[in-house]
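1. Take this sequence and fold it.
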Amino acid sequence: MSRVLEAPTQWHLTRAGSVLCIVGIGVGVAASVTGDRMLGCLLWSMLSTLTVAAVSSRRNLAGLQAHRRLPDELFAGRLAVGGLVLTTTRARPSRQVQVQEQGLTTGARFDFLPGHGRDERAAHWRFPRRGPVRLTGLLLRSCYPFGLITRQRLVSLPAPLLIYPHPEGREGARIRSGSGEQDEAHARGVGQGDFQGLRQYVAGDPVRQLHWPTTARTGQAMVVVRGAQAAREVIIEVAEGRGAAWERALSAAAAGIQRHAAAGDAVGLRLSGELLEPRSARMWRRVLLERLARAERREG
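-> Purely as a prediction, here's the structure:
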């Protein structure tokens, strides 16, 4: 787990707080000129309200910790659904706390967190480009109790991430077997080999491969996996290019890796003259996607 560091709290007046201060200055001037006790009492009431707001807002953020929960795999341009977690080690509750990813619009609001409590709110991240990304921290912000003063504290929570290319498009794929290149029907195991099980439909699967009883029962398109399909070897060819064409080729390759790995194929990759031989190991798909994510950027 990344080390969590807390920065000192910062504060500023809200619009309502600024208005109260301006009015208070006017009341103070009027009270000093006229000597009106009612105006003096009103001034002290305003000052007391600001003091209570300053103390309460600081206490409201004291003892809070925030963490993020991200999906295991992140793709450029895709909405990543996760969560923001807020915990407290103190007995006093916290109210109206906003947790936001530093530098991003991702955030969540916690209206009430009990003492020694923990709560999680759904949050969404979207990363526009593939490659390494580093998240820095989470901002805790609150203007409780009166909306006059906003307190803010940064929780330093560095997280290095790797964003895979957006899986989209049709890749160049070469099918290999012991007897050479296979035709599409045999390569997909349609009517060939022993029954291996069912899997979810992916784009490009023949309609005749659908398992209709399971599809009707579950409401999700399911296809039959047979022995011939599980034994297939596929090499994804990444077309050469620059600029947008290069990024489209990487996206198409990512889509092909996803599709063929889901079909149970042994998948390989040819990228920039380097060949990674087909494998069907459980984590091999991620190895290939990471290679695409770290591919050099070729400006057009």
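2. mind listing what residue 16 touches?
-> By CB atoms under 8 Å, 6 or more residues apart in numbering, the residues touching residue 16 are 146-148. For every residue, glycine as well, the C-beta is placed using N, CA and C.
3. quick one, strands of the stretch 51-200 of the chain?
-> Under the criterion DSSP state E, counting those that start in this stretch, strands of the stretch 51-200 of the chain are mapped to 64-69, 79-88, 94-101, 107-113, 118-126, 131-142, 149-163, 172-176, 195-200.
4. Rebuild those as TSV, extending it with distance to residue 36.
-> Listed next are the strands of the stretch 51-200 of the chain as TSV, based on distance: least, CB to CB, whole Å:
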stretch	distance to residue 36
strand 64-69	43
strand 79-88	45
strand 94-101	36
strand 107-113	41
strand 118-126	49
strand 131-142	36
strand 149-163	28
strand 172-176	86
strand 195-200	77
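5. Export those as JSON lines, with columns for mean neighbour count.
-> Putting these into JSON lines (neighbours: other CB atoms under 10 Å) gives the following:
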{"stretch": "strand 64-69", "mean neighbour count": "18"}
{"stretch": "strand 79-88", "mean neighbour count": "17"}
{"stretch": "strand 94-101", "mean neighbour count": "20"}
{"stretch": "strand 107-113", "mean neighbour count": "16"}
{"stretch": "strand 118-126", "mean neighbour count": "15"}
{"stretch": "strand 131-142", "mean neighbour count": "18"}
{"stretch": "strand 149-163", "mean neighbour count": "17"}
{"stretch": "strand 172-176", "mean neighbour count": "16"}
{"stretch": "strand 195-200", "mean neighbour count": "13"}
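6. I'd like to know which of those strands is closest to residue 290.
-> strand 149-163 (6.1 Å; CB to CB).
7. And that closest one, how far out from the chain middle?
-> 14 Å (CA atoms, centre = their mean, to the nearest Å).
8. now residue 33: how far from residue 39?
-> 9 Å (CB to CB, to the nearest Å).
9. between the two, who's got more neighbours?
-> More neighbours surround residue 39 than the other of residue 33 and residue 39, with 18 against 9 (other CB atoms under 10 Å).
10. For the more buried one, which non-adjacent residue is spatially closest?
-> residue 31 (3.8 Å; CB to CB, 6 or more residues apart in numbering).
11. One more: residue 198?
-> Residue 198's closest residue in space is residue 222 (CB to CB, 6+ apart), at 4.8 Å.
12. Then residue 214?
-> Using CB to CB, 6+ apart, the closest residue to residue 214 is residue 222 (4.5 Å).
13. tilt between the helix or strand hosting residue 28 and strand 149-163?
-> Following DSSP states H and E, the helix or strand that holds residue 28 is helix 15-34. When axes from the mean of the first three to the mean of the last three CA atoms, to 10 degrees is applied, the directions of helix 15-34 and strand 149-163 differ by 160 degrees.
14. Make 29 the starting number, not 1.
-> In the new numbering, first residue 29, that becomes helix 43-62.
15. Which of the three states applies to residue 70?
-> Recorded secondary structure, residue 70: helix (DSSP: H, G, I helix; E, B strand; the rest coil).
16. how close does it get to residue 51?
-> Taking CB to CB, one finds residue 70 at 9 Å from residue 51.
17. Tell me which of these two has more neighbours.
-> residue 70 (17 against 13).
18. surely the more buried one meets residue 54?
-> No - if you go by CB atoms under 8 Å, residue 70 and residue 54 don't touch, sitting 10.6 Å apart.
19. Settle this for me: the residue nearest to residue 226 is touching residue 237, isn't it.
-> No - here residue 250 does not reach residue 237: they are 9.6 Å apart, not a contact under CB under 8 Å.
20. what's near enough to touch residue 126?
-> Counting by CB under 8 Å, 6+ apart, residue 126 has contacts 135-138, 167-170.
21. could you redo the last one with a cut-off of 10 Å?
-> 112, 135-138, 167-171, 178, 180 (CB atoms under 10 Å, 6 or more residues apart in numbering).
22. now do the same end-to-end measure for stretch 131-151.
-> End-to-end span of stretch 131-151 (CA to CA, to the nearest Å): 15 Å.
23. do the same with stretch 154-174
-> 34 Å.
24. Show me how far that stretch is from its chain's centre.
-> Chain-centre distance of stretch 154-174: 10 Å, with CA atoms, centre = their mean.
25. so what's the residue lying closest to residue 174 once chain neighbours are set aside up against?
-> Using CB to CB, 6+ apart and skipping residues adjacent in sequence, the residue nearest residue 174 is residue 81, 4.8 Å away. By CB under 10 Å, 6+ apart, the contact set of residue 81 is 39, 41-42, 44-45, 48, 171-177, 179.
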